[in-house]
Every structure is written in structure tokens, then in C-alpha cells.
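Trainee: 3D, please:
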Amino acid sequence: MAESFISEWSLLRQLRGKDRLGRGTASMSQRSRTLEPRTTTADKVVSSVCPFCAVGCAQKVFVKDGKVTQIEGDPASPISRGRLCPKGSASKQLVTSPTRVTKVRYRKPYGTDWEDLDLDTATDMIADRVINTRKEFWEWEDDQGRRTRRTLGIASLGGATLDNEENYLMKKLYTAMGAIQIENQARI
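Mentor: Coordinates of the predicted model:
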């Protein structure tokens, strides 16, 4: 009994066999021989981009039964060559966390509680506020009579979780609205 237990030690397999450095089968236990990667059981693999910064590391998203089971770096990416930083490696939590907020939440001014809003109501509230702020703070010209056609009442600070395309579209949107104070966290 003790002999069979001792013979399972990887060090003994390493010394007795051809795998002297312990980099192959000598280091494998019975359990590790039967393991298979989570990615082999996926129904489909979807290409994506890591949402955490503007670098644009490519990801492979493994999906089984309509749910994300694993997210890994895409080796075909010329940017990251299959590697992800610690935040990118943890991006599965972003979409599968049970605490992820999936509804529009709103807290009234001076309120203490959050309430759920439907998307149309929230979008209308935002549009009304943008239109009113733009109208209230619009400048056709500065104090010296130079044409400005701008608003100083609207500013944007983009986050590093936006990709390059989203930042590009935000810049175009805010510029078209007349805002001039447009910045991004990734550039600061």
C-alpha cells in the first residue's frame, strides 16, 4: 500500500523515467492527466476586444449554452499576441458577475435612494438636459467680438474602458454639439 503511494510521487517518476527535468509526463498526477481545458467544451468562440483601456488587445470569448465560460487573449492579435494584462484577464467578471448592474439607475437630486428607469425615459432626460445646457451656455462670440460658436456648459472626460472607436465617436459628438472641453483618461 505504502509502496504504491510512494510510486505516485512525481519526483520518483522523474528520477526513474526519461523526463529528468520534470517538464512532461513525470510531473503529471493521475488527476491532471484527465483534466481538459474549459475552452474545449465551448459551443462557439467570439472575437472581441478588451474593454479596459485604449490599447485594443484582442480576446477570444468562449460561449457555452449562451453563457460566457472563459475569456482569453487572441494569439492572432498583432497588438497583444495572445497576452492579457491582469485587468484583461479578469474581464470575464465584467459580464458574468451576479452584482453587475443591468438596469438604468437614477437618483434624484438630494435623494438618498436609487430607482430603476426604463431606457427611453433615461434617454429623454439626458437629451433634454443636453439641449437646455447647450441653449443656456451657448456663446456665439467672445468679449472681443470673435466668432466662437461654442458652449462651455458641456464637457467630457472619457474613461479608459472605452475603445478607440467609442472615443472617436464621442469626440465627434461633443465637437458637433459645440463643446470644447473634451478629454480622455487614457491621455491624461
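
Trainee: List the buried residues for stretch 86-96?
Mentor: Neighbour counts using 16 or more other CB atoms under 10 Å place 88, 91, 92 of stretch 86-96 among the buried residues. Any C-beta I mention is one placed from the backbone N, CA and C, and that applies to glycine too.

Trainee: how far does it stretch from start to finish?
Mentor: 17 Å (CA to CA, to the nearest Å).

Trainee: from the middle of its chain, how far away would that stretch be?
Mentor: Relative to its chain's centre, stretch 86-96 lies at 7 Å (CA atoms, centre = their mean, to the nearest Å).

Trainee: Name the residues that touch it?
Mentor: Contact with stretch 86-96 is made by 50-53, 57, 59, 67-68, 70-71, 73, 84, 100, as judged by CB atoms under 8 Å, 6 or more residues apart in numbering.

Trainee: Just name the closest of the residues you listed to residue 124, please.
Mentor: Relative to residue 124, the closest of the contacts of stretch 86-96 is residue 100; by CB to CB it sits at 24.7 Å.

Trainee: quick one, helices of the chain?
Mentor: 2-7, 10-16, 30-34, 86-89, 92-96, 119-136, 164-176 (DSSP state H).

Trainee: can you list those helices in TSV and add mean pLDDT and distance to residue 156?
Mentor: Output for these, formatted as TSV (pLDDT from 0 to 100; distance: least, CB to CB, whole Å):
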stretch	mean pLDDT	distance to residue 156
helix 2-7	56	65
helix 10-16	69	57
helix 30-34	75	51
helix 86-89	84	23
helix 92-96	84	23
helix 119-136	94	11
helix 164-176	87	5
